[in-house]
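In: Got a predicted structure plus its sequence, pasted below:
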Amino acid sequence: MTGIQGTSRLAAARPGCVAAMTVAVLMLTGCAGSISAPPGGGSTATPTPSTTATARPSTTATATARPSTTATPAPAIAADPTVCGPGDLALSLQSRPQDSGMGQFFWNLSLTNTGGAACTVEGYPVTTLVGSASGEPVGSASGTEPGRWYPVTVVVLEPGTSAYSLLHLGQAGAYDCPLVPVGALDVTLPGWDAATRVPTPNPIEGCDDDSTVLVRTGPLAPAPVTF
């Protein structure tokens, strides 16, 4: 009887053991799926959230082309007129009887531009008397009368216009010299290498003497001299 009772007690106790074992297994299973706080009640460090660097938008430099400026060409400057040459001018002599007397007389030497372009004259013409018979220069070359009526200036001659020089002549008979009939003057302008022969407005006499100056010229001017 004692043996049967012991067996019955063991059998009666088994369900409780089974239940206890089941609880223990469940507890172990729950422990495997959880993280236990560290002992001592320390606080759990909260991980710092990672910072994602945001790329700044790239700036593209756009070159703005400036409007092109077209250079305006400078206006053409007209070239200065050239010096009149012998081929550009027609020369002539005109008497001035109203201004003559007392052993002296005056002529106008005129220079007219016969070319197609403007040219210039300046200064004092040089004249030499030409013998009527020989056709050769006689006597002395002319002198000058500086600044007596006009200052020396550049005279621009447009086509068809004229410049003038006042010639002051002495009567050859008033001098002690060999007399020679004269029918022309050789005229040379400043810058010329050759003379232009110009007939006299009336026959005169010259001195066949290089020491006697019978003609003096005034500076070229844009109009005849008036007394």
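Out: That came through, no problem.

In: residue ranges of the helices in this protein, please?
Out: 2-32 (DSSP state H).

In: Low-confidence regions, it specifically.
Out: Within the chain, the stretches with pLDDT under 70 are 1-79, 147.

In: Could you identify the longest strand within the protein?
Out: Ordering each strand of the chain by length in residues (DSSP state E) puts strand 196-207 first.

In: could I have stretch 168-180 exported to CSV, CA atoms only?
Out: Only the C-alpha atoms of stretch 168-180 are listed here, as CSV (Å, rounded to 0.1, in the frame of the first residue of the first chain):
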residue,chain,number,x,y,z
HIS,A,168,57.8,148.6,-108.6
LEU,A,169,60.0,149.6,-111.5
GLY,A,170,62.5,152.4,-112.0
GLN,A,171,63.0,154.3,-115.3
ALA,A,172,66.3,153.0,-116.7
GLY,A,173,67.0,156.5,-118.2
ALA,A,174,67.4,157.9,-114.7
TYR,A,175,70.5,155.7,-114.2
ASP,A,176,74.0,156.0,-115.6
CYS,A,177,74.0,152.6,-117.4
PRO,A,178,73.9,151.1,-120.9
LEU,A,179,70.3,151.0,-122.0
VAL,A,180,68.8,147.9,-123.6
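
In: circling back to that earlier point, check which helices and strands the longest strand of the chain sits against.
Out: strand 89-95, strand 104-113, strand 126-131, strand 179-188 (3 or more Cβ pairs under 8 Å, 6 or more residues apart in numbering; DSSP states H and E). From N, CA and C alone the C-beta is placed, and that goes for glycine too.

In: One more pass at 7 Å, please.
Out: strand 89-95, strand 179-188 (3 or more Cβ pairs under 7 Å, 6 or more residues apart in numbering; DSSP states H and E).
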